[in-house]
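# take a look and give me a structure for this.
(one chain, ligands or ions: 1)
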Amino acid sequence: MLHTVLFVCLGNICRSPLAEGVFRSIVSEAGLEDRFEIDSAGTGAWHVGNPPDPRSIEIAAQHRIDISSQRARQVSAGDFRRFETIVAMDRDNLAALKRLGGAGSTGLRLLLNTPPQDVPDPYYGGPDGFEQVYQLVRTGGERLLQDLTARV
Ligand code: 4NP
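Coordinates of the predicted model:
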């Protein structure tokens, strides 16, 4: 079974590119690349076409993950058909995705959902915020892989 997973934040330059890169790495370490299609997008359009924020590229690189070739894009209606699992980084993103047409989508979820926890927006903060995002997307990505592979 092919799993299709889309990670979504606000700008698609800080959190969801890191979530995409970390989840690719987790899937690859598990030898499951062939069973996954993975992407990321933003609910907003301000940064469309841009590479990830340099601070996200840097924190990924510190963990031996290269996300520099990613480019930001906005979520589209087609994403709700193309992706079985759409993963919001925080509850604001989740609400925006429901408004965009995913209200009835069973695969729409928060990254950290038991208990519900936001991956905080690090854009206006310092570098510590990016390390925190890294740790949260790693924990969330590992749990997500367990959830998806347990389901088969
Ligand atoms: P992201 O962070 O949603 O994690 O990509 C942000 C990036 C840009 C902005 C807000 C959040 N912005 O307001 O431009």
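
# could I get the full set of strands for this protein?
3-9, 36-42, 85-88, 108-110, 112-113, 116-117 (DSSP state E).

# which of these sits closest to Q70?
strand 36-42 (7.1 Å; C-beta to C-beta). In short, each C-beta sits where N, CA and C put it, glycine included.

# CA atoms of that closest one as PDB?
Extracted in PDB, the C-alpha atoms of strand 36-42 (Å, rounded to 0.1, in the frame of the first residue of the first chain):
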ATOM      1  CA  PHE A  36       5.600   6.700   0.600                       C
ATOM      2  CA  GLU A  37       4.900   9.800  -1.300                       C
ATOM      3  CA  ILE A  38       5.800  12.800   0.900                       C
ATOM      4  CA  ASP A  39       5.300  16.600   0.300                       C
ATOM      5  CA  SER A  40       4.700  19.800   2.200                       C
ATOM      6  CA  ALA A  41       2.700  23.000   1.600                       C
ATOM      7  CA  GLY A  42       1.500  26.200   3.300                       C
END
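
# what segments of this protein are helices?
15-29, 54-62, 79-82, 91-97, 127-151 (DSSP state H).
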